[in-house]
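A.B. asks: predicted model and sequence below, questions to follow.
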Amino acid sequence: AQSVTQPDIHITVSEGASLELRCNYSYGATPYLFWYVQSPGQGLQLLLKYFSGDTLVQGIKGFEAEFKRSQSSFNLRKPSVHWSDAAEYFCAVGASDTNAGKSTFGDGTTLTVKP
Amino acid sequence: GAGVSQTPSNKVTEKGKYVELRCDPISGHTALYWYRQSLGQGPEFLIYFQGTGAADDSGLPNDRFFAVRPEGSVSTLKIQRTERGDSAVYLCASSMHGGGETQYFGPGTRLLVL
């Protein structure tokens, strides 16, 4: 069974500081990995995804994530955080089996940005 | 083009009542997913449709929950004899073909069972 752990429930960073949100997954084969952002009252928006190939993935809004198979991790990073990045962030793993469809999500990390 | 839409955006009902939640996927997407998100948690998978058929319904919590997609586009999630524990945001997503592809989420239906 696939699973995702986001160890940090809540993170606070100052505007302009760098950010790293942690994600660890469990899956028997090479997974599909996703990061989503959810702002209050908004739907889930995809930031980036990893399917195969280059393990450093670039996404929207200046985010990137690195797939590390040896550590079963897919941490999200941003070099300089903006106040508008305050939101909840979800890591998800999807099955690479072509007959499977579901994604399994972590419980999220809430990001607060200090001025 | 239009994204995934869900109606109603909010639903308040009484314990024991029946509710239907509707999802309109992105046009042309063959795969459709339902998730449930409780407060403080990530979305939890309920059911996945490929076309008209349920390819994976392993996430449905019990037989009070049922979903249909009769024409392979719009889907309805049906909950019978609602319980207070069913209160959550119900999210729908669609993808072009399924199989782990990117899923595009709707804004959700917030269900409150009193």
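C.D. replies: Done, it's in.

A.B. asks: could you use CA atoms for every contact and neighbour count after this?
C.D. replies: OK.

A.B. asks: of all residues in chain A, which one is nearest the centre?
C.D. replies: Centroid-nearest residue in chain A: A:Trp35, 3.2 Å away (criterion: Cα atoms, centre = their mean).

A.B. asks: what helix or strand is the residue nearest to B:Leu60 when sequence neighbours are not counted located in?
C.D. replies: Leaving aside its sequence neighbours, B:Leu60 sits nearest to B:Leu46 (Cα to Cα, 6 or more residues apart in numbering or on different chains; 4.8 Å). According to DSSP states H and E, B:Leu46 maps onto strand B:44-50.

A.B. asks: what's the answer for A:Phe67, then?
C.D. replies: Using DSSP H and E, the element containing A:Phe67 is strand A:64-68.

A.B. asks: for that strand, which residues meet the burial criterion?
C.D. replies: A:64-67 (16 or more other Cα atoms under 10 Å in any protein chain shown).

A.B. asks: again with stretch A:47-54
C.D. replies: By neighbour count with 16+ other Cα under 10 Å, stretch A:47-54 contains the buried residues A:47-51.

A.B. asks: ok, residues contacting that stretch?
C.D. replies: Outside of stretch A:47-54, the residues within contact range by Cα atoms under 8 Å, 6 or more residues apart in numbering or on different chains are A:31-37, A:57-61, A:63-65, A:67, B:102.

A.B. asks: near chain A, which residues of chain B?
C.D. replies: Counting by Cα under 8 Å from any Cα of the partner chain, chain B comes close to chain A at B:33, B:40-45, B:47-48, B:55-56, B:98-102, B:104-108.

A.B. asks: any chance of the buried residues of strand A:64-68 in CSV, plus distance to A:Ala87 and pLDDT?
C.D. replies: Converted to CSV, those look like this (distance: Cα to Cα, whole Å; pLDDT from 0 to 100):
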residue, distance to A:Ala87, pLDDT
A:Glu64, 16, 98
A:Ala65, 17, 98
A:Glu66, 21, 96
A:Phe67, 22, 95
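
A.B. asks: just send these back as CSV, with distance to B:Glu83 too.
C.D. replies: Output for the buried residues of strand A:64-68, formatted as CSV (distance: Cα to Cα, whole Å):
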residue, distance to B:Glu83
A:Glu64, 41
A:Ala65, 40
A:Glu66, 41
A:Phe67, 40
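
A.B. asks: OK, contacts around A:Ile60?
C.D. replies: A:Ile60 neighbours (Cα under 8 Å, 6+ apart): A:47-48.
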